[in-house]
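In: Dropping the sequence and predicted coords here.
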Amino acid sequence: MREALVGGLSLPIDGREGPSDGPAAPSTAEPSGSGDPLAAAEAARKALLSAALTLRRLGVDVRPERGADRAFAARATLGVVAADAAIAETGSVVFLTSATAGRTASLLPPVLWIVVSRATVFPTLGEALRALAERGRKDGFPSAIQIVTGPSRSADIEMQLTLGVHGPGTVWAQLV
């Protein structure tokens, strides 16, 4: 069942309505302008990473999220994070905050690249939460849980829709 869901999963978190068939044209400007996260990574000069991902071989000045100073984090143009879970019914990804995985990399840079493991895709929010609760009982509960379904959307100023007001303006999810 999960493989069937994953095979047809497109995470619609690129700022557009509806599913996408791959990396979409971003909703805001990003370092490469191509809508391709690998091109954005190559164009980035500063990246903030969560988990054990690396872009150093692309010539990017990479610092782990927990080891980066605030000035570096504020200048990072790309955040790269590994999702703890994904929810097929909503196209959402889930991040758990811990001593080794904070929220800075997923919230501060203007472009966010999320790596999602196929093994962590759940059909519904309920199934994902049950699995995360089981994990929490076994390994300890996180201090925070983020559920991301795309760039933030706000139209509270003059009814003008703005993406990425509270976090990145461009979000990609890559299923691996």
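Out: In hand now; what should we look at?
In: contacts and neighbour counts: CA atoms only from here.
Out: Will do.
In: ok, and the closest non-adjacent residue to residue 77?
Out: Computed as C-alpha to C-alpha, 6 or more residues apart in numbering, the closest residue to residue 77 that is not its neighbour in sequence is residue 109, at 5.1 Å.
In: Residue 167 now?
Out: Going by C-alpha to C-alpha, 6+ apart, residue 167 has residue 107 as its nearest residue, at 4.5 Å.
In: Same check on residue 87?
Out: Closest to residue 87 by C-alpha to C-alpha, 6+ apart is residue 122, at 5.1 Å.
In: correct me, but that neighbour touches residue 86?
Out: Yes. Under the criterion of C-alpha atoms under 8 Å, residue 122 makes contact with residue 86 at 6.1 Å.
In: okay, and the common contacts of these two?
Out: residue 128 (C-alpha atoms under 8 Å, 6 or more residues apart in numbering).
In: who's more crowded, these two?
Out: For residue 122 versus residue 86, the count of surrounding residues by other C-alpha atoms under 10 Å is larger for residue 86: 30 against 21.
In: which regions of the protein sit below the pLDDT cut-off?
Out: 1-69, 99-100, 164 (pLDDT under 70).
In: For the residue nearest to residue 77, which residues are in contact?
Out: Taking C-alpha under 8 Å, 6+ apart as the test, what residue 109 contacts is 48, 73-79, 167-168.
In: Give me the phi and psi for the residue nearest to residue 87.
Out: Main-chain torsions, residue 122, degrees, to the nearest 10: phi -120, psi 150.
In: same check, this time on residue 71
Out: phi -60, psi -40.
In: ditto for residue 135
Out: According to degrees, to the nearest 10, residue 135 has phi -60, psi -40.
In: and if you look at residue 94?
Out: Per degrees, to the nearest 10, the backbone of residue 94 is at phi -120, psi 130.
In: quick one on the thing from earlier: tell me if I am right that the residue nearest to residue 77 is in a helix.
Out: No. Counting by DSSP: H, G, I helix; E, B strand; the rest coil, residue 109 falls outside a helix, being coil.
In: Quick check: helices, which of the contacts of residue 109 are part of them?
Out: 73-75 (DSSP state H).
In: if we can go back for a sec, list buried residues within the contacts of residue 109.
Out: 48, 73, 76-79, 167-168 (16 or more other C-alpha atoms under 10 Å).
In: Which of those residues sits closest to residue 176?
Out: Using C-alpha to C-alpha, residue 79 is the member of the buried ones among the contacts of residue 109 that lies nearest residue 176, at 17.5 Å.
In: pretty sure that closest one contacts residue 112?
Out: Yes. Residue 79 is in contact with residue 112 according to C-alpha under 8 Å; the separation is 4.8 Å.
In: okay, and the common contacts of those two?
Out: Joint contacts of residue 79 and residue 112 (C-alpha under 8 Å, 6+ apart) are 105-106.
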